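> Quick one, fold the following:
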Amino acid sequence: VSQGSLFQTWRSGIMVVVLSVLVLSYPLIESILFGPLIPTSEWAFEETELRSLQDRGLNGTGIHVCIVDTGVDRTHPAFSNAIFGGFLDLVDSENSDYVDHGIDHHGTMMAGLLISGDAFQGGATGVTLSVAAALGPTGYSIDDDSVGQAIDWCWRVQKADIISLSLGGEADPPMAIRGPTVSAVEDALLSGVYIVAAAGNRGENSSDVSIPGAMEGVISVAASTRNGDVWVDASRGSAVFEGDTRVNPNLKPEISAPGEDVISTNNPELGVPYASSSGSSVSTVFVTAALALVLEEHGDELEIIS
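All right, here's what the predicted structure looks like:
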């Protein structure tokens with residue numbers, strides 16, 4: 001063996017070792033080099049005073065939340081310490097593994113606002129989270145029956161305390177008196193489950209907030225900006241619903257929360273697996289998180305009152 005060949009062999013061996021070390025230590029290197037560069041929306045968590053509640057030791061422990069969306073990608077590194085309660089796939093009936101069908105990973109983004117524990121802390125990282133995939137790749141429901149089945153599963157099977165619906169149909173009053181989604185929501189409310197739903201993103205031209213957010217008893221959430229203003233595309237509620245004048249506490253929407261350019265978890269295969277999103281879908285999860293913390297601290301008293 002020539003001296004040159006021997007040198008090349010040693011050099012190749014060293015390169016293999018170095019590359020192996022880099023591959024094995026990549027998660028640590030990525031955290032050190034890129035962790036501080038990952039954008040966050042800390043302002044939104046502070047504005048909603050979720051951080052103040054967390055500073056008091058609240059994180060949603062003991063509360064079960066169920067999200068109906070496009071699914072969730074459980075492999076995201078921000079979910080490594082999250083507590084998942086179960087998964088139901090109504091988009092692909094033959095699938096039983098956690099998956100996000102959304103092309104923009106909408107469900108994963110909503111879950112991250114609640115339970116993320118990586119670049120930024122979610123609003124209620126201690127909750128148990130169940131997820132039902134009932135929305136297709138573009139974020140629209142496969143059909144009304146699928147959403148209804150998902151809601152039923154959330155409370156009948158998973159025993160969720162809160163059902164978070166970052167979805168909504170056209171504000172069509174006749175829809176409120178028929179359809180699987182409306183029936184499922186009514187049953188869940190009667191069972192004592194809290195339902196938080198997006199008001200919609202149809203702007204000033206909206207006739208009302210979206211269904212099921214328009215229903216009495218459902219907490220309807222509109223999107224606000226970083227300055228606290230109403231987001232330009234936020235749906236406005238109507239003073240009348242099904243011929244009756246709305247009165248407190250069911251004026252729609254009941255509440256608003258940050259919903260403009262909010263960063264959250266996205267496709268874990270991306271170099272920086274985070275992205276921004278706008279709309280009442282985002283706002284809904286902030287209210288869900290706040291409600292989970294309230295129930296953690298005052299759930300017993302609320303049960304006595306009810």
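
> give me phi/psi at the residue nearest to the spatial centre of the chain?
The residue lying closest to the centre of the chain (Cα atoms, centre = their mean) is Met110, at 2.2 Å. Per-residue torsions, Met110: phi -70, psi -40 (degrees, to the nearest 10).

> just checking, Thr284 touches Ser164?
Yes: contact status for Thr284 versus Ser164: in contact at 6.0 Å, counting by Cβ atoms under 8 Å. For glycine as for every other residue, the C-beta is placed from the backbone atoms N, C-alpha and C.

> So in the protein, which helix runs the longest?
Scanning the chain for the helix with the most residues, using DSSP state H, yields helix 280-305.

> What residues of that helix count as buried?
Buried positions in helix 280-305, judged by neighbour count with 16 or more other Cβ atoms under 10 Å: 280-296.

> Could you give the average pLDDT over it?
Averaging pLDDT along helix 280-305 gives 89.

> same check, this time on stretch 205-216
Stretch 205-216 comes out with an average pLDDT of 90.

> need the helix or strand of this structure with the lowest average pLDDT.
None of the helices or strands of the chain scores lower by mean pLDDT, DSSP states H and E than helix 26-34, at a mean of 42.

> right, and the helix or strand after that one?
Note on helix 26-34: by DSSP states H and E, the next helix or strand toward the C-terminus is helix 42-47.

> by contact count, what packs against the helix or strand following that following helix?
Sequence-wise, the next helix or strand beyond helix 42-47 is helix 50-55, with elements assigned using DSSP H and E. In terms of contacts (3 or more Cβ pairs under 8 Å, 6 or more residues apart in numbering; DSSP states H and E), helix 50-55 is packed against helix 280-305.

> the helices in the stretch 101-250 of the chain, which residues?
Counting by DSSP state H, counting those that start in this stretch, the stretch 101-250 of the chain has these helices, from start to end: 106-115, 144-152, 180-190.

> Show me which positions of the longest one end up buried.
When you say that, I think you mean helix 180-190. Those would be Pro180, Thr181, Val182, Ala184, Val185, Glu186, Ala188, Leu189, for helix 180-190 by 16+ other Cβ under 10 Å.

> between these, which is nearest Phe84?
Comparing those against Phe84 with Cβ to Cβ places Ala188 closest, at 20.5 Å.

> The closest one and Ala275: what is the separation?
To Ala275, Ala188 is 31 Å away according to Cβ to Cβ, to the nearest Å.

> re earlier: and the helices of the stretch 101-250 of the chain as JSON lines, adding distance to Gly85 and mean pLDDT?
Output for the helices of the stretch 101-250 of the chain, formatted as JSON lines (distance: least, Cβ to Cβ, whole Å; pLDDT from 0 to 100):
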{"stretch": "helix 106-115", "distance to Gly85": "11", "mean pLDDT": "97"}
{"stretch": "helix 144-152", "distance to Gly85": "14", "mean pLDDT": "93"}
{"stretch": "helix 180-190", "distance to Gly85": "16", "mean pLDDT": "95"}
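
> nearest to Gly203, of those helices?
Among the helices of the stretch 101-250 of the chain, helix 106-115 comes nearest to Gly203, with 19.9 Å by Cβ to Cβ.

> So what angle separates the directions of the closest one and helix 280-305?
Here the directions of helix 106-115 and helix 280-305 differ by 50 degrees (axes from the mean of the first three to the mean of the last three Cα atoms, to 10 degrees).

> CA atoms only: put helix 106-115 into PDB for me.
What follows is helix 106-115 as a C-alpha-only set of coordinates in PDB (Å, rounded to 0.1, in the frame of the first residue of the first chain):
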ATOM      1  CA  HIS A 106     -53.400  23.900  10.100                       C
ATOM      2  CA  GLY A 107     -54.200  21.400  12.900                       C
ATOM      3  CA  THR A 108     -50.500  21.200  13.900                       C
ATOM      4  CA  MET A 109     -50.400  25.000  14.100                       C
ATOM      5  CA  MET A 110     -53.500  25.100  16.300                       C
ATOM      6  CA  ALA A 111     -52.100  22.400  18.600                       C
ATOM      7  CA  GLY A 112     -48.800  24.200  18.900                       C
ATOM      8  CA  LEU A 113     -50.500  27.300  20.300                       C
ATOM      9  CA  LEU A 114     -51.900  25.100  23.000                       C
ATOM     10  CA  ILE A 115     -49.200  22.600  23.900                       C
END
